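Trainee: I need the structure of the sequence given here:
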Amino acid sequence: MEWSVSLSADAKAVGEARRQLRGTLCGRGIDRQHVQDALLVTSELVTNAVRHGSCQGDRVEVEFQLVQHLFSLCVRDAGRGRAMPRARPLGAEHTTGRGLAIVSRLARWSQHEVRCGREIRAEMDF
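Mentor: You can find the predicted model right below:
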């Protein structure tokens with residue numbers, strides 16, 4: 001199963017990505033907890049792409065594949081942020097910036113510079 005969408009890099013992108021992914025996964029009989037984890041990882045990565053990797057008028061590309069029991073997610077942005085994203089430690093002293101730490105607990109992720117910007121990939125076993 002494969003799915004992809006191109007979204008405007010704005011606040012609506014996160015909700016739209018979640019809505020489309022939920023509909024696709026729930027329609028396939030995927031376990032509820034796996035769906036929730038995939039939606040959380042998607043939310044965090046799309047939020048980062050919009051906030052840190054994009055400007056008004058840019059696009060965020062979201063793709064996923066589900067092959068047997070491996071869920072793969074790819075989020076591409078324009079790469080406008082100065083630094084590559086990194087996971088911060090979870091702790092009470094930070095009120096923001098914990099998204100990649102949460103993603104790290106749920107998925108294996110990597111980042112790459114690509115021709116058109118930045119790409120973040122996450123994989124989860126279902």
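
Trainee: Surely residue 109 forms part of a strand?
Mentor: Yes - under DSSP: H, G, I helix; E, B strand; the rest coil, residue 109 sits within a strand.

Trainee: Three-state assignment for the residue nearest to it when sequence neighbours are not counted, please.
Mentor: Ranked by CB to CB, 6 or more residues apart in numbering and with sequence neighbours excluded, the top spatial neighbour of residue 109 is residue 122, at 4.3 Å. Quick note: C-beta positions are derived from backbone N, CA and C, even for glycine. Following three-state DSSP, the label given to residue 122 is strand.

Trainee: so what's residue 122 up against?
Mentor: With contacts defined as CB atoms under 8 Å, 6 or more residues apart in numbering, residue 122 is in contact with 41, 45, 72-73, 103, 107-109.

Trainee: what does the longest helix anywhere in the chain contact?
Mentor: Looking across the chain with DSSP state H, the single longest helix is helix 32-53. If you take CB under 8 Å, 6+ apart as the criterion, helix 32-53 is touched by 7, 9-11, 13-14, 17-18, 21-22, 25-26, 60, 62, 64, 71, 73, 75-81, 85, 99-100, 102-103, 106-107, 109, 117-118, 120, 122, 124, 126.
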